[in-house]
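*Asks:* With the sequence up front, the predicted model follows.
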Amino acid sequence: MASAFSTMSKRRICILGGCGGIGRSLVAACVENGADVAVMDLKSALERHPPPPSVMSIEIDGTDEASVTTAFGRLEASWGALDGFVNSAGFLIEKRKLADTPASEFDITMAGNLRMTFLVSKAAMKLLEKGDAPSLVNISSGLAALVRPDYGPYGATKAAMIALTKTLALEHAPRVRCNAIGPGLVDTAFLRGGTGRSDENKTINVDVSLYNATIPMRRIAVPDDLVEPVMFLLGPQSAYMTGQTLWVNGGAYMP
């Protein structure tokens, strides 16, 4: 079977969070394989990691409905439709126990992950419905199912993201396929404070040696580990898959 990469030629793919570590790897793969690519991200992220010249750059605040409307309006004016949409954005303030989490911090986490997913999914669906074999991919987290202390609000938003993905799959079948990826820890700026908000060269905020010891594959993931699974869900090789979650975690979670 041919690689999913070989099916990307001339497909219109939008990547939300395309300036992040995972996003940049996805953008590079899509561009290399002939897709038309648009990146949506925060202004600070677009300035720190500008996409390649051939890629459309669109500033967005996914928690703000007006910003989402403007961003997708620009995309619609340029392309008219979407063939693929990847939501690789994510937000985590800091690790703490639920009992020590202020309500304001809980609300911010919900807005940065769950409300954002709701808003961008609604906007993307309008364009995907007009696309060619359209596919939506939400990048969730292994913490959606493999619950760990100190990640309560974040894990809850990612579990809800999977529930939203399933609902979208049911409501938009058979026209649009909707699936999710559930990665384990990935060595990106996210573990250092976030793309556009932190120094990507500083030490990550987890004990990698301790983490690796718990993983059957004995290593933390890198962005490229997520590229082929996402491409698979975007492409025709997964044409009979919708409402599913691929757990890409080195064997840490085996449902």
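*Replies:* Received the coordinates, thanks.
*Asks:* Name the helix or strand for residue 174, please.
*Replies:* Taking DSSP states H and E as the definition, residue 174 sits outside all helices and strands.
*Asks:* Can you report how many residues neighbour it?
*Replies:* Residues lying near residue 174 (other Cβ atoms under 10 Å) number 6. Quick note: C-beta positions are derived from backbone N, CA and C, even for glycine.
*Asks:* Where does the prediction get shaky in the stretch 151-255 of the chain?
*Replies:* Residues of the stretch 151-255 of the chain that meet the criterion pLDDT under 70 lie in 189-205.
*Asks:* Spell out, range by range, the helices that occur in it.
*Replies:* 152-172, 208-213, 224-234 (DSSP state H, counting those that start in this stretch).
*Asks:* for the stretch 1-150 of the chain, same thing?
*Replies:* Assigned by DSSP H, counting those that start in this stretch, the helices in the stretch 1-150 of the chain fall at 21-32, 43-48, 65-79, 103-109, 116-128.
*Asks:* want to throw those into CSV with mean neighbour count?
*Replies:* Listed next are the helices of the stretch 1-150 of the chain as CSV, based on neighbours: other Cβ atoms under 10 Å:
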stretch, mean neighbour count
helix 21-32, 23
helix 43-48, 16
helix 65-79, 16
helix 103-109, 13
helix 116-128, 21
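*Asks:* Nearest to residue 185, out of those helices?
*Replies:* Distance to residue 185, taken as Cβ to Cβ, is lowest for helix 21-32 among those, at 11.6 Å.
*Asks:* re earlier: just put the helices of the stretch 1-150 of the chain in CSV and tack on mean pLDDT and distance to residue 242.
*Replies:* What follows is the helices of the stretch 1-150 of the chain, written out as CSV (pLDDT from 0 to 100; distance: least, Cβ to Cβ, whole Å):
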stretch, mean pLDDT, distance to residue 242
helix 21-32, 95, 20
helix 43-48, 94, 30
helix 65-79, 98, 22
helix 103-109, 95, 28
helix 116-128, 98, 12
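*Asks:* re earlier: need the winner for burial among the helices of the stretch 151-255 of the chain.
*Replies:* Ranked by mean neighbour count, the helices of the stretch 151-255 of the chain are led by helix 224-234 with a mean of 22 (mean count of other Cβ atoms under 10 Å).
*Asks:* which residues sit against that one?
*Replies:* 3-5, 8, 11, 13, 22, 25-26, 29, 84, 86, 135, 137, 139, 177, 179, 181, 183, 186, 238, 241, 246, 248 (Cβ atoms under 8 Å, 6 or more residues apart in numbering).
*Asks:* Quick one: buried ones out of those?
*Replies:* Buried members of the contacts of helix 224-234, scored by 16 or more other Cβ atoms under 10 Å, are 4-5, 8, 11, 13, 22, 25-26, 29, 84, 86, 135, 137, 139, 177, 179, 181, 183, 186, 238, 246, 248.
*Asks:* Now, the residues you listed that are in strands?
*Replies:* Mapping the buried ones among the contacts of helix 224-234 onto strands (DSSP state E) picks out 13, 84, 86, 135, 137, 139, 177, 179, 181, 183, 246, 248.
*Asks:* Distance check, residue 90 against residue 209.
*Replies:* Distance, residue 90 to residue 209, using Cβ to Cβ, to the nearest Å: 24 Å.
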